[in-house]
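Student: Take a look and give me a structure for this.
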Amino acid sequence: MTKNAHGIVPVMLTPLTPDNCIDWEGLEQLVEWYIQSGADALFAVCQSSEMQKLSLDERIALSKKVVSLARGRLPVIASGHISESPEDQRTELMAMADTGIDALVLVTNRLDIVHSGTEAFRCGLKAVLSCVPNDLALGLYECPAPYRRLLTDEEFKICRDTGRFVTLKDVSCDLETVKRRVALSADSGFAVVNANAAIAAAAMREGSKGFAGVFTNIHPDLYAWLYRHATEDSVLRRELEIFLALAAMAEPMGYPGLAKVYHTRLGTFSSAHSRVTDYDIAERHWAVMSLLDHIHAGAERFRQKIAERA
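Tutor: Residues are numbered from 1 along each chain as shown. You can find the predicted model right below:
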C-alpha cells in the first residue's frame, strides 16, 4: 500500500445549514480553503465531522462529495466507523470503501467495543479485513469517542504486519509513545501522525509524519510551515511552536462549534450550526469570542513573519 495519507491532514468539519442539512456549497469552499492552506490530505467523515451524529446516507454522501471536490489534488481518507454490531460495521465500512477514498480509516474502539484487550481487538480487526476490499489502503484512528482506545505495541505490530495500513492518527498525546511507535513502524510505510498540539513540533522531530489535530481547522498553514521547519533552530520556529500549543487550549470551549464560528468569520460558510455543539458557546464559555480574536491576530502575525522570511 503506497497511498500518501500523512503530512498536514485536516480533520474536516461538516458545514450545516441552520435547518440541520449538510451545506454542500459551504463544503466546497471549505475543501478549497484546506487545499489553499497547505493540506497534504483530507480526513473526511471523522469525529470533527460530527460523524456520530450523521446518518449512514449522510456519511456516504459526504465522503463522495469530498472526493469529487478534491479532484485528485490530494488524497482523501474517511472513517464513518461508528456502529457497534459487526453486521452494521460491515455495512458502513463497505459503503464507505465504495466512495472513491484513498484509504479507509478504522476506529480502534470499534474493533474492541468493550475494551476487552488484544484478543478482542485481533478478532475485530480480522472480521473487518475479511470484508473490506483487499486493494484498499487502511488507516487507524484512536478516536476519543465513545472512549479512547489506544493501541498496545503488540496491536500496532499486528496492524503493521498486515501490510494494509498506511496511517495512524495517534491520539496518545504522549511523546514517548509516539517515539516508540515511529520506531516500530520503521520502513513499513505505516505512518504515525500525531494529533496533539502540545507535542506537535517535538513529535515531528521524533518522526511523526505531520499533524492531524483539530486546529488544522483554524490555521493549517502554520502547522504546514512548522512541519517543514520542525528541526530548525530559530526564534520563529520556537515562538510558533509555543503559540500553536497555547492556541489549541481553546479546543474545550465548544469544539467543533468553535471552529465553525471561526469559519463563519472567515466567510468559508455562513452557519455555525452543529449537531454536537448544541448550545451557545459565547454564553457557556465566557470571552471565547475575544479568545478567537486573539488566536486570529496571533496567526496573522506569524503569517507576516513567515512571509518576511521568504
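
Student: any low-confidence regions in the protein?
Tutor: 1-3 (pLDDT under 70).

Student: Show me what the helix or strand hosting residue 262 is packed against.
Tutor: Per DSSP states H and E: residue 262 is located in helix 257-266. The contact analysis (3 or more Cβ pairs under 8 Å, 6 or more residues apart in numbering; DSSP states H and E) places helix 257-266 against helix 24-36, helix 281-284, helix 288-309. The C-beta positions use only the backbone N, C-alpha and C, and glycine is treated the same way.

Student: now for the last one, which elements pack on it?
Tutor: Contacts of helix 288-309 with other secondary structure elements, assessed using 3+ Cβ pairs under 8 Å, 6+ apart, are made with helix 220-228, helix 235-247, helix 257-266, helix 281-284.

Student: can you check the first one too?
Tutor: Helices and strands in packing contact with helix 24-36 are listed as helix 56-70, helix 257-266; criterion 3+ Cβ pairs under 8 Å, 6+ apart.

Student: ok, 7 Å please
Tutor: On a contact count with 3 or more Cβ pairs under 7 Å, 6 or more residues apart in numbering; DSSP states H and E, helix 24-36 meets helix 56-70.

Student: Flag every buried residue along the helix it packs on.
Tutor: Neighbour-count burial for helix 56-70 flags 58-67, 69-70 (criterion: 16 or more other Cβ atoms under 10 Å).

Student: related to what we said a few turns ago, CA-only coordinates of the helix holding residue 262 in PDB, if you can.
Tutor: C-alpha atoms of helix 257-266 as PDB (Å, rounded to 0.1, in the frame of the first residue of the first chain):
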ATOM      1  CA  GLY A 257     -18.800  24.700  17.100                       C
ATOM      2  CA  LEU A 258     -15.800  26.900  17.900                       C
ATOM      3  CA  ALA A 259     -14.200  26.100  14.600                       C
ATOM      4  CA  LYS A 260     -17.400  26.700  12.800                       C
ATOM      5  CA  VAL A 261     -17.800  30.100  14.300                       C
ATOM      6  CA  TYR A 262     -14.300  30.900  13.100                       C
ATOM      7  CA  HIS A 263     -15.100  29.900   9.600                       C
ATOM      8  CA  THR A 264     -18.300  32.000   9.500                       C
ATOM      9  CA  ARG A 265     -16.000  34.900  10.400                       C
ATOM     10  CA  LEU A 266     -13.600  33.900   7.500                       C
END
